[in-house]
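Q: fold the following, please.
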Amino acid sequence: MLDPALVRRTWRSAEALHGLIYFAPEAHQRYAALGIDPRAGYFASRAAAMGPVGSGAVTGAFFNFNPALVSQALPAVWERATPQAVLAARLDAADAALTRVLGDMVDSYEMREAAGLARAAAESVGERPEGRALFAAHVALPWPDRPHLVLWHAQTVLREFRGDGHVAALLVAGLTGLEALVLHVASGEVPRRFLQRSRGWSDERWDEAAGRLRARGLVEGDEPALTDAGRSQRAWIEAATDRLAAPAYAVLGARGCARFAELAQPMSRAVVESGALSAAARSPRDRSTPA
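A: Purely as a prediction, here's the structure:
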């Protein structure tokens with residue numbers, strides 16, 4: 001069994017390579033060409049692997065978005081473009097964005113090696129779809145050919161594998177999607193304004209959720225901050241998420257994980273230093289943070 005801390009470091013080492021797709025202008029441009037605005041593009045591009053699903057399925061899978069916000073995009077977006085067209089636009093955007101940001105690294109030996117390791121990890125859990133709807137949908141997609149897109153796709157698959165496990169941990173902890181957001185903001189790791197607005201929650205609903213967390217002794221103060229119990233709850237959630245993600249990296253072993261991180265970190269650093277990610281998303285931790 002791999003050290004859960006190693007599992008987290010391995011995933012984080014390449015997360016920026018996946019995350020840039022949600023902020024890259026190339027993605028917004030390609031969705032716009034399909035008649036899809038950026039917000040609808042986020043929901044459509046991430047859900048397209050599941051087919052032309054409605055807002056209910058996406059609200060459940062994405063976990064922390066206001067259902068009213070999701071329903072503004074879905075299922076209406078499928079009247080403008082098919083899931084296949086959205087997936088093709090997303091992959092094309094990833095190609096363009098990674099090529100722009102990574103430069104010569106796109107065609108490097110290090111890229112080919114990193115792509116091979118990431119694909120091995122992603123494929124190793126392909127027969128473990130139980131309870132992981134987003135992962136199951138993404139791992140069933142065809143693999144791209146070029147190494148930098150193999151790495152991007154593999155990291156996307158691994159991210160959804162981890163994210164689905166994270167949602168399971170939040171449910172076991174007895175948290176709603178909104179409560180998970182409030183608890184995360186109370187940790188001081190991400191600003192309330194970003195998460196609240198991007199997830200579509202009103203001040204009233206946010207404050208109600210904060211009140212429920214106060215009643216459980218997880219947060220305190222007018223601007224909620226974690227109590228000792230809240231910090232323990234967060235730590236348990238993170239540890240459970242790491243444990244649930246560990247099977248994907250077992251095929252690499254500790255040495256393979258270390259090598260993958262060594263290869264991926266300079267690439268992720270290039271993404272961050274390029275400004276391709278918004279400031280609020282530069283240290284993503286789990287499904288309850290900027291996607």
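Q: every contact and neighbour count from this point should use C-alpha atoms.
A: Will do.
Q: where along the stretch 51-200 of the chain do the helices fall?
A: Taking DSSP state H, counting those that start in this stretch to define them, one finds helices in the stretch 51-200 of the chain at 55-62, 67-73, 83-102, 109-124, 133-139, 147-172, 177-186, 192-199.
Q: now those helices as TSV including distance to residue 22, mean neighbour count and mean pLDDT?
A: Below are these laid out as TSV (distance: least, Cα to Cα, whole Å; neighbours: other Cα atoms under 10 Å; pLDDT from 0 to 100):
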stretch	distance to residue 22	mean neighbour count	mean pLDDT
helix 55-62	14	18	97
helix 67-73	16	17	97
helix 83-102	10	19	98
helix 109-124	20	20	98
helix 133-139	16	22	97
helix 147-172	12	23	98
helix 177-186	19	24	98
helix 192-199	12	17	94
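Q: my read: residue 178 touches residue 209, true?
A: Yes: using Cα atoms under 8 Å, residue 178 makes contact with residue 209 at a distance of 6.7 Å.
Q: closest to residue 237 out of the helices of the stretch 51-200 of the chain?
A: helix 147-172 (5.8 Å; Cα to Cα).
Q: chain center to that closest one: distance?
A: How far helix 147-172 lies from its chain's middle: 6 Å, per Cα atoms, centre = their mean, to the nearest Å.
Q: that one packs against which elements?
A: The contact analysis (3 or more Cα pairs under 8 Å, 6 or more residues apart in numbering; DSSP states H and E) places helix 147-172 against helix 4-19, helix 83-102, helix 109-124, helix 133-139, helix 228-245.
Q: and stretch 203-221, C-alpha only, in PDB?
A: Only the C-alpha atoms of stretch 203-221 are listed here, as PDB (Å, rounded to 0.1, in the frame of the first residue of the first chain):
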ATOM      1  CA  ASP A 203     -25.200  34.900   0.500                       C
ATOM      2  CA  GLU A 204     -28.400  33.600   2.200                       C
ATOM      3  CA  ARG A 205     -27.700  29.900   1.200                       C
ATOM      4  CA  TRP A 206     -24.000  30.200   2.100                       C
ATOM      5  CA  ASP A 207     -24.800  31.700   5.500                       C
ATOM      6  CA  GLU A 208     -27.300  29.000   6.200                       C
ATOM      7  CA  ALA A 209     -24.700  26.300   5.500                       C
ATOM      8  CA  ALA A 210     -22.200  28.100   7.700                       C
ATOM      9  CA  GLY A 211     -24.800  28.100  10.500                       C
ATOM     10  CA  ARG A 212     -25.200  24.300  10.200                       C
ATOM     11  CA  LEU A 213     -21.500  23.900  10.400                       C
ATOM     12  CA  ARG A 214     -21.400  26.100  13.500                       C
ATOM     13  CA  ALA A 215     -24.100  24.000  15.100                       C
ATOM     14  CA  ARG A 216     -21.900  20.900  14.500                       C
ATOM     15  CA  GLY A 217     -18.900  22.600  16.100                       C
ATOM     16  CA  LEU A 218     -16.900  22.600  12.800                       C
ATOM     17  CA  VAL A 219     -16.600  26.300  12.400                       C
ATOM     18  CA  GLU A 220     -16.800  29.400  14.600                       C
ATOM     19  CA  GLY A 221     -17.000  33.200  14.200                       C
END
